[in-house]
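J.: quick one, what's the 3D model for this:
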Amino acid sequence: MSSANNEAPDGAADLTSATVAASAPLARLRGEPMLEMPRDLYIPPDALRIFLETFEGPLDLLLYLIRRQNFEVLDIPMAEMTRQYMDYIALMRANQLELAAEYLLMAALLIEIKSRMLLPKPGGNISSEVDPRAELVRRLLEYEQMKQAAQSLAALPCAGRDYLLVLVEIECSTAQRLPSVTAIDLRAAWSSAMTRAQQNRHHKVSRETLSVREQMTRILRRLRHGEFVDFADLYRSEKGAAEIVVCFLAVLELAREALIEVSQDESFSTIYLKSVETRSGQGGEQNSNAA
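T.: Below you'll find the model as predicted:
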């Protein structure tokens, strides 16, 4: 009797839940509940889509399967891994998903490695045999490093994705402030500019052609009156040292040719010059007059 009473509430609860499920709307169209399936509703055969995990390639899929089963990358159980990989390939084909050639190539590689591991080792020397999984393990470890590096870069803040750049243009209307200077300041600035201009002025050296023969002719023309002439009067000091040197060379040349007479009272005193031809000419005139 007591058991019947205990079962009654359970039956009532099941009936209540069934009633609630039957009264729940299947969908809502424009806010109105739909309690029954429309009789003219057509559902195509492939309307239901199954969204699987997206992978960037066969290595990504293989690494996902290894990490999901907590397998060791350096010691992959090829039998179990090949089975799971082939099951995933079959699932993708069953859902009419196009497979890239890389996935099929990886499946063939897994089957090959599995077959090579099942073959007996010649001579029983297992230690010297190269592990068929070595190349696959190397590729997996290298891909995992690249994937982690890509995830680290993707986690960095990116303009346009994580934040937006805001450019604010501020119009500044400021009055031009002129420096407060006086006439004394302007004069000092002008003097400084002129001083710098004098210091930076380049010294230009021009070559002047001076002839000793021309200077000799000019000296003889100057001494034609027969008077003693100071050597300093034969050159122009504003012409510089070059003309003095040329004039002195001309005097030496005239003295060597005995065309002039050079006299000096003492060392470093004034040098006097006189034409010899004039004096000899005057002597001849006196002799002719005496005759």
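J.: which stretches in the chain count as helices?
T.: Under the criterion DSSP state H, the chain contains helices at 2-23, 58-68, 78-94, 101-118, 134-155, 183-199, 212-222, 241-256, 276-290.
J.: would a markdown table of those helices with distance to Ser263 and mean neighbour count be doable?
T.: From N, CA and C alone the C-beta is placed, and that goes for glycine too. Listed next are those as a markdown table, based on distance: least, CB to CB, whole Å; neighbours: other CB atoms under 10 Å:
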| stretch | distance to Ser263 | mean neighbour count |
| --- | --- | --- |
| helix 2-23 | 151 | 9 |
| helix 58-68 | 116 | 18 |
| helix 78-94 | 127 | 15 |
| helix 101-118 | 118 | 15 |
| helix 134-155 | 103 | 12 |
| helix 183-199 | 45 | 10 |
| helix 212-222 | 15 | 15 |
| helix 241-256 | 11 | 16 |
| helix 276-290 | 12 | 11 |
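J.: which one of the ones you listed lies closest to Ser269?
T.: Comparing these against Ser269 with CB to CB, the closest turns out to be helix 241-256 (15.5 Å).
J.: for that closest one, packing partners?
T.: In terms of contacts (3 or more CB pairs under 8 Å, 6 or more residues apart in numbering; DSSP states H and E), helix 241-256 is packed against helix 212-222, strand 260-264.
J.: paired strands for the shortest one, with orientation please.
T.: So the one you mean is strand 260-264. Strand 260-264 sits in its sheet next to strand 271-275 (antiparallel), going by DSSP bridges.
J.: which residues does the partner strand contact?
T.: With contact meaning CB atoms under 8 Å, 6 or more residues apart in numbering, strand 271-275 is reached by 219-220, 223-224, 226-231, 234, 251, 259-264.
J.: before we move on, back to that, with respect to Val276, which of the helices and strands packed on helix 241-256 lies nearest?
T.: Distances from Val276 to each of the helices and strands packed on helix 241-256 were compared by CB to CB, and the smallest falls on strand 260-264, at 5.5 Å.
J.: run through this structure and note the low-pLDDT ranges.
T.: Regions of the chain meeting the criterion pLDDT under 70 cover residues 1-23, 42-53, 95-100, 122-129, 203, 205-206, 208, 277-291.
J.: tell me the domain boundaries of this structure?
T.: With automatic domain parsing as the criterion, the domains of the chain are listed as 58-119+131-154, 212-281.
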